[in-house]
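*Asks:* my questions are about this predicted structure, shown below with the sequence.
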Amino acid sequence: MLEERGKNPENMLKTLKKWLDRERRVLITASAVAGTVIVMRWFGFFQVWEWAAFDYFVRWRPAEPIDSRIVIVEIKEADLQKYGYPISDAVLAQLLKKLHAGKPRTIGLDVYRDLPTQPGNAELLKTFQTIPNLIGIELMPDEARFGVRPPPVLDKLDRIGFNNVVIDADSKVRRTLLYSWPGDSETHESLALTLALRYLESEKIFPQPATVNPQYLQLGKGVFQPFQPNDGAYVRADSRGYQILANLRGARGRFRTVSMSDVLSGKVPADFVRSRAVLIGSTAPSLRDFYQNSYSSGWFAPPQQIPGVELQAHFLSQILSAALDGRGGINVWPEVAELLWILLWSWAGASVSWNLRSLRRSVYCLSSISLGLSACLYLAFLAGWWLPLIPPILSLVGSGAAVVGYLAHLQEELKRSKEFLQSLIDTIPDPIFVKDRNHRCLVLNQAYCRFIGYPLEILTCRTDYDLFPQAEAEIFWQQDELVFQTHQPRENEEYFTDAHGITHLIATKRSLHQDAAGNLFLVGAIRDITERQLRENALERKNAELSHQADHDALTGLPNRKMFYECLHQSLERASSNQELVALLFLDLDGFKSINDTLGHNVGDLLLKTFASRLKKSLRGSDTIARLGGDEFTVILPTIPGREEAAKVAEKICYAIVQPFILEEHTVSVTTSIGISLYPIDGSDPDILVKNADVAMYRAKECGKNQYQFFN
């Protein structure tokens, strides 16, 4: 009996040793491939692909029903045209009162209101104070933005939530912030969380530490696990604050909506918002408050962006659904489990290819396993688990390819092995190249050949100096050499000219790979970003044009009313600091209506443009001319010594304007009446100065026109 017990461990060791000897090549290959994939994953090579797989899983998932607990009040393009932009405080106050009369549980104002927008500011402040379930927003500053302060009244009442959005490197939103600690030692709640907490108060649900982990937040049935830097496909992501993975209900249109105009005109039923959470925000394309998410791309459909207010509604719905319905979030494995997962599939790929010992059967079997794995991971995603897809498939295919290559070498089938490996590389859509220590191209995929414009046989064993202009080849050589010397991956943007003489802007990622013999190989992936650069340049030009149009009069090209008040504020601030005078001239054309009525609007417009041109020529470059509307113009004279100098400028303008205007076939004579107010003599407030100058201008008209008057 004792002899049998002693033999059992010995037999087990012998059996294990035999198995290790038999599977040694498989284990070595699987470990090497899995290690390579893990390293590449650690450096973020697969992050974008994993995000793309995640997006497809999200889009293929059945859409959830509309969340009737949430109502979105849309500020559409038609609303902006009807009520103007920015929407005045009076209109906003009226909108809030009508919504509050419907007895919603909470109201979220996803509209910045850090500054007054007259008229109606006093009424809006009173509305803020009298609606206890109203939540305003703030934009917390970060490395890329300065931030926007919340409404002061709501800030004092502690009824504020931030609407900052976490955006991934591919410009899509897959995460949301619940809490943030921006460094001022205060805890800031997101708009969605603040609204959810107000909503859940009626259900007697309050935030508390989770039973599974006191560091987690629990609300009712929902436990919100905080996002970690390497969760899912992320690699060293920014996990500041309390983030969670966003679990959207579907594409656009998952919530009940109503326009601002319908609310103000009383077209909304009385119970439409009762006992619901209401979000007010813009869906107008002109305000560009849109984001991309997993539903923002498809096989053939153009990118679908989601308004910021609807995105906040999704975040709010995720919190409410978890707390009240037990709707699960998106769960991920611990990082150690993901590494073992990659190693498992690497071993499976190597084992399958080793046992089949056939190139054709290995390709078929590995392809079938990859499809089955993808289907299983999709089912797991439907159950709420986001598991790695790209690394295990690459490990599976990579280890299988490595074993097949080794077998082909042993069976003197090197040619077939290279064709197999080449076919695998050609499945990668981005151009891929592998160089040796002498900078010669060893392995290239077909995407690289098509991109460069040369066939594979010409490119193989060539250096960059054989293919590109010397200046470009030197840059490529320097970047490659930096990776060889530092052993660190690098990403660089470069220009190169293909075989057809076309110059492209490319983004190249380079990293090193070392084989079992210690040979170093440089692996590079190229992405053509020429079109992206052109789109960014076009967008910058378009933004500049829109910015100019927003601040200038379309007819004369002069600053408009908005720009005028900004310039006047700046001039008064400088004058106050330097104890200087500022003169404000208010001009009105005498007899303009008669010319407009008799000669037509075309001549009237031409007269206004010519009038603006003469004004420019009559003034200094430091003076500001603006058109307030119609035939009303203003002139800001900064750092004016006194009344006499302002009078001289007014006389110069009157003399310039009294000269006849030649407009097409018409000769027109007009005059101008000018009213002058001085800062700080006639007032220190911009509106008061404008009003006083206007009064003086009317006195000039009463005194006979074609003259100027100071405000007394």
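*Replies:* Received, thanks.

*Asks:* contact partners for Leu379?
*Replies:* Listed by C-beta atoms under 8 Å, 6 or more residues apart in numbering, the contact set of Leu379 is empty. C-beta coordinates here come from the backbone N, C-alpha and C atoms, glycine included.

*Asks:* assumed it was part of a helix.
*Replies:* Yes. Looking at Leu379 with DSSP: H, G, I helix; E, B strand; the rest coil, it is inside a helix.

*Asks:* distance of it from Ala337?
*Replies:* 18 Å (C-beta to C-beta, to the nearest Å).

*Asks:* what does Leu456 give?
*Replies:* From Leu456 to Ala337 the distance is 40 Å (C-beta to C-beta).

*Asks:* with neighbour numbers in mind, choose between these two.
*Replies:* Taking neighbours as other C-beta atoms under 10 Å, Leu456 and Ala337 compare with Leu456 leading, 15 against 12.

*Asks:* just confirm that one contacts Val443, I think it does.
*Replies:* No. Applying C-beta atoms under 8 Å as the test, Leu456 and Val443 come out as separate, 9.9 Å apart.

*Asks:* quick one: the strands in the stretch 351-500 of the chain?
*Replies:* Here the stretch 351-500 of the chain has its strands, by DSSP state E, counting those that start in this stretch, at 432-435, 441-444, 490-497.

*Asks:* buried sites along the second one?
*Replies:* So the one you mean is strand 441-444. For strand 441-444, the neighbour count (16 or more other C-beta atoms under 10 Å) marks 441, 443-444 as buried.

*Asks:* min pLDDT across these, which one?
*Replies:* Of all the buried residues of strand 441-444, Val443 carries the smallest pLDDT score, 79.

*Asks:* partners of that residue in the sheet?
*Replies:* Assessed by DSSP bridges, Val443 has beta-bridge partners Val434.

*Asks:* isn't it right up against Ile428?
*Replies:* No. Checked against C-beta under 8 Å, the pair Val443 and Ile428 is beyond contact range at 11.6 Å.

*Asks:* in the chain, what helix or strand scores lowest on average pLDDT?
*Replies:* helix 414-426 (a mean of 53; mean pLDDT, DSSP states H and E).

*Asks:* can you pull out the strands in the stretch 201-350 of the chain?
*Replies:* Taking DSSP E, counting those that start in this stretch as the test, the strands found in the stretch 201-350 of the chain are 208-209, 217-219, 222-224, 242-245, 255-259, 277-282, 290-291, 306-307.

*Asks:* can I get the ones you listed in TSV including mean pLDDT?
*Replies:* Listed next are the strands of the stretch 201-350 of the chain as TSV, based on pLDDT from 0 to 100:
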stretch	mean pLDDT
strand 208-209	94
strand 217-219	94
strand 222-224	94
strand 242-245	94
strand 255-259	94
strand 277-282	96
strand 290-291	92
strand 306-307	93
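
*Asks:* wait, which of the buried residues of strand 441-444 is closest to Gly222?
*Replies:* Comparing the buried residues of strand 441-444 against Gly222 with C-beta to C-beta places Val443 closest, at 49.7 Å.

*Asks:* no further questions, thank you.
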